Structure formats: C-alpha cells, structure tokens
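Asks: Sharing a sequence plus its predicted fold:
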Amino acid sequence: MRIIALMNQKGGVGKTTTTVNLGAALAEAGQRVCLIDLDPQAHLTINYGVDPSPEMVNLYDVMVEGRGFLEAVRKIEDNIALVPGSIDLAAAEIELVSVIGRETILKEKLETAQHDFDYILLDCPPSLGLLTINALALASEVIIPMQAHFLALQGVAKLLETVQLVSKRINPKLKVSGIALTMFDAQTKLTSEVVNELQSFIESAEGQPLPWAGARIFQSKIRRNIKLAESPSFGQTIIKYGPTSNGAADYRALAREVMEMTEATPAPAPTKAPAVVAPVAPSAPPVKPPTVSAVRAPAPTPAPVVAKTQAPSVPAPRPASTPAASPTAKAPAVSAPVRAPAAPATPAPKKVEATVNPTLDPAKLAAAKVAPPAPPAPVERPAVTPTPPSPEKKPAATETAELIER
C-alpha cells in the first residue's frame with residue numbers, strides 16, 4: 001500500500017483536480033484507491049457528486065469526535081472509495097490544540113482500521129497547518145502539483161522545509177516522490193526557465209540526506225484543457241467526462257508513471273551493497289605491511305660490518321663506504337662518526353711492536369755473536385790554499401784619460 005499526499009500551500013495549482021483524476025486513472029488501471037479529503041472546502045467531495053451534509057460521517061467526525069475510520073469511508077465506484085471532508089474541519093485545529101499527539105491522530109485512526117486499498121491519496125488544504133501535518137505524518141510519499149510560475153516556485157522552498165521537519169521529527173519514512181506540472185504551456189519561455197530551475201534544484205540534492213533527494217519531475221505534464229474545468233460541474237472525473245481529451249490522456253500517463261515508481265523503488269537497493277563491499281576488502285591490508293618491513297630490514301646490517309673492519313689500521317676508512325649498499329642514508333650517517341675515532345686508539349701500540357726489524361734486534365745479535373757494523377770512517381777533505389787577488393786591470397779609456405791629464 002502506498003499513501004501519497006498531494007500538497008502545496010499555494011492555492012489554485014491543481015491539487016484537487018490532480019487528486020480526483022489521478023485516483024480515477026489508477027482505478028481504471030485496476031488499483032484499489034481511497035481518496036481522503038482534508039480540505040475544509042470539500043472540493044474533492046463535491047467533485048465526485050457527494051454533498052457534504054452534516055448528517056454524513058466525515059473526516060471531522062473521525063479526527064475530533066472519535067469515530068472509526070471505516071465509518072467515514074464511502075464507496076463511489078468500483079475500486080474508488082472516498083472519505084468526505086467538511087467545512088467543520090476549519091475548526092479542527094482549534095479544537096485539537098490541547099490534545100496530546102494531535103499531529104498523528106489520522107495516522108492512528110488508519111492503522112487501527114482493516115482495509116485492502118492499494119493507494120490512499122490525501123488531498124491537503126492550501127496551508128501548512130495541523131491538517132497538513134496530519135497528512136504528512138500518515139503519508140509515505142509526497143507529490144507536489146504546481147504551475148510553472150515564479151510564485152509557485154518560491155512556495156516550493158517553504159513546502160520542502162515543512163516536509164524535512166516532519167520527516168526529521170514525526171515520520172522518518174516521508175519522502176518527496178516528484179513534482180507534477182499542471183496547466184502546462186510549453187510555448188512560453190517562463191515555463192522552460194522554471195522547469196530548468198526545478199531540475200537543477202533536485203539534482204543538487206542527490207546523494208544528500210534530504211527527503212527530496214530522489215525526487216523527479218514527472219514527464220507527464222498536465223496541459224491546459226477546458227474539459228478539466230468542466231468535469232467538476234457534472235460531478236464526474238475527466239476519465240468519464242472526456243475519456244478522449246488531452247486531460248484524460250495526461251492523467252493516464254501520470255498514473256502509469258506513479259505505478260512504475262512502485263517497481264523502480266526496490267531496484268537500487270541490491271546494487272549498492274556489492275559496490276561498497278567489493279573495493280574495501282582487498283585494498284587496505286596488503287599495502288602497509290610490506291612498506292614497514294622494507295625500511296626496518298636493512299637497519300641492523302651495518303653493525304657487524306663495522307665491527308670486523310676495526311682491527312686493521314689501514315682499512316679504517318672503509319666502514320664509511322660499505323654501508324652504501326643499504327637503500328637509506330640514515331644508517332652510515334649515524335655509525336661512521338661514532339666508531340671512526342675508536343679504531344686508531346687501540347691498535348696504535350701494536351703497530352710499533354710489529355714493525356721492528358728482526359735483523360737489528362740487539363738480543364739476536366748477541367746470541368749470534370756478530371759484532372755490530374763499524375761506524376763509517378770520516379772522509380778527509382783536501383786543503384784549499386787561498387790565492388792572492390790579482391790586480392785589477394783598468395780599462396783602456398781610463399788609462400788614456402790619465403795620460404792626457406799628465
């Protein structure tokens with residue numbers, strides 16, 4: 001069973017017309033439909049040719065007087081039943097102001113009743129009062145009939161806030177199924193602009209925990225049709241009054257879309273489960289363990305290499321070059337400066353004893369009774385006799401000058 005509330009706080013957008021004719025189209029398709037009139041104007045009741053007289057048990061008696069839900073149900077046609085409204089519903093909000101749990105009175109009444117309806121359609125009043133809250137607390141889906149006008153677009157924002165509030169506090173299962181465009185005129189530019197704004201608004205809510213995240217704009221647009229305006233005066237639906245009219249064709253197409261949603265809703269549930277489980281299992285665990293072991297494995301290797309090369313004196317600088325085999329530069333940088341000064345300190349005295357020439361050892365020379373080699377004889381240098389200085393010869397120019405002076 002699907003319980004659908006058709007609501008819009010803006011009046012004159014086609015809520016009652018959509019409720020009447022959508023219910024008739026669903027009944028024509030073989031669905032058992034119950035229509036509940038929550039509007040104090042009782043236009044849904046009048047549209048089916050029922051006079052809302054005070055003697056008739058109506059929704060006011062169910063909510064305020066405590067009558068049973070099935071007492072107010074009236075069979076109109078095959079597969080169509082009606083819970084009539086009344087002008088007395090205008091006072092229900094005031095009379096129920098002190099009642100605890102007044103927001104869920106209609107839900108409790110319907111849960112206690114035994115019925116076999118496939119669809120229950122709620123015609124809400126053009127307000128966000130107590131009657132509308134009762135409808136939202138009972139419904140599982142919301143369909144918003146609206147005109148493609150600017151003011152109707154502004155009213156949708158407030159309506160969605162109310163739906164979100166009820167979904168959060170009273171009815172967690174509540175969601176917005178879609179938006180049905182009524183009195184549609186595809187030839188105007190304003191209509192296309194409003195539709196584009198609605199589409200972008202709905203797409204922006206995808207993936208978020210919002211009641212309208214999975215909403216749609218129904219492909220079946222309800223076109224302007226004079227037959228839809230004439231049918232209430234005859235107390236008939238468009239399916240009977242003008243079965244071949246555009247209005248009847250549009251509401252039949254809308255009913256098919258609504259029925260297809262019943263089959264489409266359970267489809268996405270099984271597809272999400274394997275998509276989440278598959279990538280999570282193999283990815284995370286195998287990556288981290290090998291990276292940790294690869295870094296820690298070469299760390300202990302440079303320690304035994306440095307300890308073996310400390311004994312000889314000549315290969316002391318080699319420990320700095322041997323750790324180059326490790327992939328990281330952290331191991332040699334720490335071990336080289338600490339162990340380098342310790343190497344030359346201990347082997348220094350051993351080098352002096354090991355490098356003594358055994359042939360010149362005095363103990364061995366005494367045992368062999370070999371005289372030490374004699375010191376080399378001094379080499380005599382020849383005596384150098386000084387030669388007297390020879391008189392300096394004056395140049396020829398100075399001699400001629402002396403002769404001239406004389």
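Replies: It's in. Numbering: from 1, shown residues only.
Asks: CA-only coordinates of stretch 106-124 in PDB, if you can.
Replies: What follows is stretch 106-124 as a C-alpha-only set of coordinates in PDB (Å, rounded to 0.1, in the frame of the first residue of the first chain):
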ATOM      1  CA  LEU A 106      -5.200  10.400  11.500                       C
ATOM      2  CA  LYS A 107      -2.300   8.000  11.400                       C
ATOM      3  CA  GLU A 108      -3.500   6.200  14.500                       C
ATOM      4  CA  LYS A 109      -7.100   6.000  13.200                       C
ATOM      5  CA  LEU A 110      -5.900   4.500   9.900                       C
ATOM      6  CA  GLU A 111      -3.600   2.000  11.500                       C
ATOM      7  CA  THR A 112      -6.400   0.500  13.600                       C
ATOM      8  CA  ALA A 113      -8.700   0.100  10.500                       C
ATOM      9  CA  GLN A 114      -8.500  -3.000   8.400                       C
ATOM     10  CA  HIS A 115      -8.700  -2.300   4.700                       C
ATOM     11  CA  ASP A 116      -7.300  -3.600   1.400                       C
ATOM     12  CA  PHE A 117      -6.500  -0.400  -0.500                       C
ATOM     13  CA  ASP A 118      -3.500  -0.200  -2.900                       C
ATOM     14  CA  TYR A 119      -3.300   3.600  -2.900                       C
ATOM     15  CA  ILE A 120      -4.500   6.200  -0.500                       C
ATOM     16  CA  LEU A 121      -4.400   9.700  -1.900                       C
ATOM     17  CA  LEU A 122      -4.600  12.700   0.500                       C
ATOM     18  CA  ASP A 123      -6.000  16.000  -0.800                       C
ATOM     19  CA  CYS A 124      -4.300  18.600   1.500                       C
END
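Asks: Give the rounded mean pLDDT of it.
Replies: Mean per-residue pLDDT for stretch 106-124: 90.
Asks: ok, and for that stretch, which residues are buried?
Replies: L106, K107, K109, L110, F117, D118, Y119, I120, L121, L122, D123, C124 (16 or more other CB atoms under 10 Å). Using the backbone N, CA and C atoms, a C-beta is placed for each residue, glycine as well.
Asks: same thing with stretch 58-71?
Replies: For stretch 58-71, by 16+ other CB under 10 Å, it's N58, L59, Y60, D61, V62, M63, V64, R67, F69, L70.
Asks: Tell me how far the residue lying closest to the first one once chain neighbours are set aside lies from I76.
Replies: Yep, that's N58 we're talking about. Take N58 and drop its neighbours on the chain: the residue closest to it by CB to CB, 6 or more residues apart in numbering is S86, 4.2 Å away. Per CB to CB, to the nearest Å, S86 is found 17 Å from I76.
Asks: Those two - which one has more neighbours?
Replies: Neighbour comparison, S86 and I76: the larger count goes to S86, with 24 against 19 (by other CB atoms under 10 Å).
Asks: Give the phi and psi angles for the closest residue to Y48 other than its chain neighbours, as a check.
Replies: In space, and not counting its chain neighbours, Y48 is closest to I76: 5.3 Å by CB to CB, 6+ apart. For I76, the backbone dihedrals (degrees, to the nearest 10) come out as phi -100, psi -50.
Asks: Please pull out the lowest mean pLDDT helix or strand from this structure.
Replies: Ranked by mean pLDDT, DSSP states H and E, the weakest helix or strand in the chain is helix 288-296, scoring a mean of 37.
Asks: picking up where we left off before, so which of the buried residues of stretch 58-71 belong to helices?
Replies: Judged by DSSP state H, the subset of the buried residues of stretch 58-71 located in helices is L59, Y60, D61, V62, M63, F69, L70.
Asks: picking that back up, so which of the buried residues of stretch 106-124 are in strands?
Replies: Judged by DSSP state E, those include Y119, I120, L121, L122, D123 as members of strands.
Asks: Which strands or helices does the helix or strand T262 falls within pack on?
Replies: Assigned by DSSP states H and E, T262 belongs to helix 246-264. For helix 246-264, the packing partners by 3 or more CB pairs under 8 Å, 6 or more residues apart in numbering; DSSP states H and E come out as helix 15-28, strand 175-182, helix 226-230, helix 238-241.
Asks: Per-residue confidence at E77, what does it come out as?
Replies: What the model reports as pLDDT for E77 is 86.
Asks: how close does it sit to I239?
Replies: 10 Å.
Asks: which of the buried residues of stretch 58-71 lies closest to V142?
Replies: L59 (19.1 Å; CB to CB).
Asks: shouldn't that closest one be in contact with I36?
Replies: Yes: counting by CB atoms under 8 Å, L59 does reach I36; the two are 6.7 Å apart.
Asks: Please report phi then psi for I143.
Replies: phi -110, psi 130.
Asks: is it in a bridge, and if so with what?
Replies: L6, G178 (DSSP bridges).
Asks: residues near it, how many?
Replies: With other CB under 10 Å as criterion, I143 counts 25.
Asks: Next, the contact list for it, please.
Replies: Neighbouring residues of I143 by CB atoms under 8 Å, 6 or more residues apart in numbering: I4, A5, L6, T18, V176, S177, G178, I179, A180, V258.
Asks: Which strands and helices lie in contact with the host helix or strand of the first one?
Replies: The one in question is I4. Element membership for I4, per DSSP H and E: strand 2-6. Under the contact definition 3+ CB pairs under 8 Å, 6+ apart, strand 2-6 sits against helix 15-28, strand 119-123, helix 130-138, strand 141-147.
Asks: Relative to T162, which of the ones you listed is closest?
Replies: That would be helix 130-138 among the helices and strands packed on strand 2-6, by CB to CB, at 7.3 Å.
Asks: and that closest one, what's its mean pLDDT?
Replies: For helix 130-138, the per-residue pLDDT averages 93.
Asks: Compute the inter-axis angle for that helix and strand 119-123.
Replies: For helix 130-138 against strand 119-123, the angle between stretch directions is 160 degrees (axes from the mean of the first three to the mean of the last three CA atoms, to 10 degrees).
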